[in-house]
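Enquirer: need the 3D shape of this:
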Amino acid sequence: QKMAELLGLGDECREGALGASALAGSCLADNRLNLDVYPDGCRRFLQLFKGRRGEVVQVEFLRLSSNDRLLGTTLGILPHLKHLKSLVLKGGHARDEFGSCQHGSLTNLPTSIGDLRCLTHLDLSFNNLSTLPICILHLPSLRVLLVSHNSLVALPEDFGSLSKLTFFSAMKNQLKDLPQSIGELAVLQDLYLSENALEFLPEEVGNLHNCTELDLSGNRLSSIPDSLANLKSLRRLHLHSNLLVTVPASLASLPNLSRLDLQNNCLRAVPPEIQTLPFVHLRGNPLGETEPSPQADESSARGLRRLFLASGEDSFSVTSEGCKVVLACGIHFYFPPGAASDPLRIYFRTLAPDPQWVKLRHHDVLLSGVLELQPHGVKFQQEVQIRMPYASPQTLHQREVVVRTFSGQSWSDLRTRVEQKRKSKKHVAHCSVLHFSWFLVVSRLVQNECKVPTEGTLLFSSVDPNIKVTFPPGVTEETRSVKLQVLPVSAEEMEEITDNAGCRASPLLCLSQDSLMDFLRPVRIQLPLPPGVTGLNLDRSRLHLLHGDLEGQTWDDITSQVVLEFTHLYAVFEVTHFSWYWLWYTTKTYIGGIAKKVYKRLRMYQVNFIALQRKKDPEQVLLQCVPKHKVDPVLKKLQDRYQGPEPSDMVEMFEGEQFFAAFERGISIDMDRPDCVDGRLSFIFYSHLKNMKEIYVTSPVDRKGQAVKGQVSFYRGAIPESIPEDASRRRKGPDSLWLATLPIKLPRLKPRWGENPGPLNGFSFPPLNLGNAETGYLTQANLLSIARRVGADWQTIGLNLGLTYQQIERIGYNNREDLDKQILDMLFSWAQQNSEDPDCVSKLIKAMKESGRQDIADEVETIIELGRQKYRESIRRVGLEQESSTEDSAIAM
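Expert: Have a look, this model is predicted:
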């Protein structure tokens with residue numbers, strides 16, 4: 001009740017607040033206060049400080065968002081929290097329309113922060129710090145410091161005064177050098193400096209005798225000091241994506257080193273001691289190649305550095321020498337010599353297409369995901385070539401493939417060349433650009449275009465040369481750009497859609513221009529007569545010329561408004577306005593409604609839904625929306641590993657339409673997922689992309705006695721903006737949203753790992769909680785669930801987690817002939833060693849990605865996201881979530 005009064009809640013909320021008061025007290029008794037999950041978390045903190053100051057000053061763990069507008073006021077109060085041990089002031093909680101994290105507003109800290117004598121953990125990531133606040137050097141107990149994703153160009157000269165620092169991360173900044181005092185961090189264990197601008201390292205780095213992991217990847221290092229061989233505790237050394245031309249052979253003598261990553265550098269030779277190490281990674285280096293001659297042809301790519309990026313990497317460096325880059329997803333880049341005048345760090349990521357900002361035009365087909373390249377807006381001195389693989393379109397003779405780019409305001413098509421690889425049969429789209437932004441591949445109607453001068457011109461369709469547009473002299477005062485597209489419609493399609501064999505139509509003609517002004521003189525258009533109709537048998541009363549708006553929402557019969565001329569094969573008419581034109585031949589009188597129906601159907605795809613369960617693990621369910629003509633090949637490909645009911649009945653969907661899958665009748669999703677909306681899985685249908693998700697389901701019903709017979713139902717979601725009004729009206733109401741239902745059967749439950757020690761001969765599991773309460777734990781049960789998915793990849797995963805070869809061999813020998821035990825022993829050995837590491841969960845995710853197990857990485861991220869959601873719910877239960885109606889009653893500070 002006291003919490004309800006403090007936050008200004010009315011009488012109607014007090015009953016709920018009474019039930020939550022005990023939980024609120026325990027929250028503060030645990031000395032934790034996490035308010036970064038709220039856009040106005042600082043305001044809530046200020047209210048709590050004013051109303052419950054005696055309890056707030058006892059808080060030891062505090063999280064706030066630096067995207068908060070009241071952050072400055074809040075910072076002045078923090079020195080009162082004398083017992084504070086952990087302070088998180090991260091940005092990145094807000095995102096832009098493309099999903100990128102927006103950095104926080106923090107540029108400095110008040111000097112009084114240095115009075116927090118108990119502070120051991122400080123996280124200032126995703127902010128706008130250009131220099132490290134000097135007050136940080138006055139924190140005598142500081143052990144963990146994170147300043148990643150800022151704009152730091154240097155560290156203070158006396159940075160080494162942080163004598164108790166064990167963990168330091170300054171990833172993704174602009175650091176050009178390191179102070180010599182960094183060698184005074186005697187107890188430092190983890191140092192992350194990837195993706196900066198470091199060109200050299202001080203010899204004093206070799207004094208970090210307790211350092212176990214050193215990440216210097218993504219910098220501009222051409223060499224590293226021999227003193228790194230003094231780091232006898234070092235286990236993992238990351239030097240990939242630099243400019244290294246040599247490495248000291250003495251690195252091979254490091255006794256605990258289990259990973260040395262030298263990929264994507266300029267190494268033409270490597271000492272034999274290094275090259276023979278079983279854990280060294282050298283891919284992407286020009287090993288064995290000679291130094292290119294200065295007289296070599298600069299346009300030749302033969303001598304260029306080649307980079308092959310592994311899954312999980314998200315950046316690479318480009319210099320004025322140029323390079324070739326190959327991403328793990330198959331995308332290629334060619335940077336010619338001189339394209340970048342100065343060394344430049346390129347960041348990339350692939351995004352799932354979101355209809356909210358990936359706007360497809362009518363009859364467009366999406367053939368790829370979205371590729372984002374940064375930095376945006378940087379102009380190259382020469383064009384950079386991009387090669388993007390894409391899904392093969394069904395037909396090519398009536399369509400064309402283009403790369404489309406987004407400027408931040410609108411999409412435009414690039415001049416594109418396509419090819420099909422001889423060996424792999426993969427399709428690749430080539431384009432050249434001077435700027436980086438967002439890119440995707442689409443199939444569109446073939447587009448013919450020309451410039452129309454005042455003298456006039458003639459434009460033909462390459463799809464149907466019988467279609468031509470004549471621009472007479474004086475048609476325009478200024479030169480205009482005109483585009484022509486044609487959509488052929490076969491007699492069979494017309495008969496199937498209209499159910500009328502006597503209804504025929506010419507190809508659809510779309511004309512557009514870059515001017516808003518109509519033409520000064522009529523433009524002459526020639527269209528072929530509908531199939532089976534000639535000038536000899538033509539019944540003019542049955543011929544209708546239709547004019548459609550650019551969205552195809554309305555079709556008007558303009559036959560009586562134009563002068564139609566006929567030859568034996570063609571109809572000719574004149575217009576001054578550009579849009580859709582369609583010639584129909586039918587006995588029907590009201591043509592507009594029929595044309596609207598046909599046009600809508602021409603944009604729709606007939607699809608079936610499938611729901612299959614993995615034979616070895618029925619709780620693993622594969623859901624997919626498949627175009628009708630692909631159903632049989634897809635089922636044939638999956639039949640060895642999956643089983644399930646016949647596909648659903650056929651339904652129709654638009655390109656880019658959203659739909660949902662809901663598990664019902666005693667079956668639910670095994671865990672909350674980011675793509676869940678009100679308990680339903682969200683999908684976006686793209687006809688040529690895989691509309692597939694594989695998830696784990698469970699049942700709250702006791703399955704130890706009997707199987708559970710449930711189902712999965714598919715429902716329509718948000719209706720695309722361009723769907724015709726009549727189709728939209730028919731899709732309103734709960735019944736009209738349902739698409740299909742398929743049965744799912746979960747067999748009688750068998751004992752899982754850890755529930756029955758018999759099958760594992762008494763193998764025991766230590767109680768573990770990796771992570772923290774704020775972001776969610778990985779519990780013993782979670783690790784057991786992860787172990788079930790690992791399989792034969794356990795050794796690779798163990799090495800990427802940091803286990804030594806000796807440990808892997810010992811685990812294999814001790815549990816020989818029992819794969820389950822090998823996996824569990826590896827996973828729990830690592831978990832026990834790293835249970836105190838605040839970054840252990842992210843390391844687990846990274847190791848899974850490096851091992852090619854994106855599926856397990858996704859599952860771990862989903863568990864963590866669930867933890868965050870549960871924590872937010874607990875915050876709401878203790879009364880920290882204000883109703884919008886109380887905004888005006890907030891306490892003025």
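
Enquirer: next one, pLDDT for the residue nearest in space to the middle of the chain please.
Expert: Central residue of the chain (Cα atoms, centre = their mean): L351, 3.6 Å from the mean position. As predicted, L351 sits at a pLDDT of 86.

Enquirer: name the nearest residue to it, sequence neighbours excluded.
Expert: The shortest distance from L351 to any non-neighbouring residue, by Cβ to Cβ, 6 or more residues apart in numbering, is to V370 (4.2 Å). From N, CA and C alone the C-beta is placed, and that goes for glycine too.

Enquirer: quick one: the one you found and W438 touch, right?
Expert: Yes - judged on Cβ atoms under 8 Å, V370 makes contact with W438 at a distance of 5.7 Å.

Enquirer: intersection of neighbour lists for these two?
Expert: L351 (Cβ atoms under 8 Å, 6 or more residues apart in numbering).

Enquirer: after the helix or strand encompassing S443, next one along is what?
Expert: Here S443 sits within strand 438-445, counting by DSSP states H and E. Scanning forward in sequence from strand 438-445 by DSSP H and E, the next helix or strand is strand 447-452.

Enquirer: could you give me the average pLDDT of that following strand?
Expert: 91.

Enquirer: picking that back up, ok, the residue nearest to L351 - contacts?
Expert: Counting by Cβ under 8 Å, 6+ apart, V370 touches T350, L351, A352, P353, V358, W438, F439, L440.

Enquirer: per-residue pLDDT, T276?
Expert: Reported pLDDT for T276: 86.

Enquirer: burial count for it?
Expert: When neighbours are counted by other Cβ atoms under 10 Å, T276 registers 10.

Enquirer: D413 now?
Expert: So D413, with other Cβ under 10 Å, has 15 neighbours.

Enquirer: so it is in contact with E400, correct?
Expert: No - applying Cβ under 8 Å as the test, D413 and E400 come out as separate, 9.6 Å apart.

Enquirer: shared neighbours, the two?
Expert: R444.

Enquirer: where does the residue lying closest to S713 once chain neighbours are set aside fall, phi/psi-wise?
Expert: In this structure, S713 finds its nearest non-sequential neighbour in T741, 4.4 Å apart by Cβ to Cβ, 6+ apart. Main-chain dihedrals, T741, degrees, to the nearest 10: phi -140, psi 130.

Enquirer: ok, now which ones touch T741?
Expert: S648, E664, Q711, V712, S713, F714.

Enquirer: and for R680?
Expert: F660, A661, A662, Y715.

Enquirer: any idea how far it is from C266?
Expert: Per Cβ to Cβ, to the nearest Å, R680 is found 51 Å from C266.

Enquirer: rewinding a little: and the contacts of R680 as TSV, adding neighbour count, secondary structure and distance to R306?
Expert: Below are these laid out as TSV (neighbours: other Cβ atoms under 10 Å; DSSP: H, G, I helix; E, B strand; the rest coil; distance: Cβ to Cβ, whole Å):
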residue	neighbour count	secondary structure	distance to R306
F660	21	strand	44
A661	24	strand	43
A662	19	strand	48
Y715	17	strand	48
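
Enquirer: closest to T559 out of those residues?
Expert: Checking the contacts of R680 against T559 by Cβ to Cβ gives Y715 as the nearest, at 42.4 Å.

Enquirer: Q513 touches L484, doesn't it?
Expert: No - at 10.1 Å, Q513 does not count as touching L484 under the criterion of Cβ under 8 Å.

Enquirer: so between the two, which is more surrounded?
Expert: Ranked by neighbour count (other Cβ under 10 Å), Q513 and L484 place L484 first, with 24 against 18.

Enquirer: okay, now the domains of the protein?
Expert: Split into domains by the TED database, the chain comes to 88-281, 306-445, 458-602, 604-719+737-746, 780-876.

Enquirer: now those as CSV including distance to P79?
Expert: Below are the domains of the chain laid out as CSV (distance: least, Cβ to Cβ, whole Å):
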stretch, distance to P79
domain 88-281, 4
domain 306-445, 37
domain 458-602, 60
domain 604-719+737-746, 37
domain 780-876, 24
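
Enquirer: weakest of the ones you listed by average pLDDT?
Expert: domain 780-876 - the lowest mean pLDDT of those, at a mean of 79.

Enquirer: and A252, backbone torsions?
Expert: Backbone geometry at A252, expressed as degrees, to the nearest 10, gives phi -70, psi -20.

Enquirer: who's in contact with it?
Expert: For A252, the contact set (Cβ under 8 Å, 6+ apart) comprises P271, E273, I274, L277.

Enquirer: how about the first one, what does it touch?
Expert: Under the criterion of Cβ under 8 Å, 6+ apart, the neighbours of P271 are V247, P248, A249, A252.

Enquirer: including distance to I113, could those residues go into a markdown table?
Expert: Formatted as a markdown table, the contacts of P271 follow (distance: Cβ to Cβ, whole Å):
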| residue | distance to I113 |
| --- | --- |
| V247 | 40 |
| P248 | 40 |
| A249 | 45 |
| A252 | 44 |
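
Enquirer: cheers, nothing more for now.
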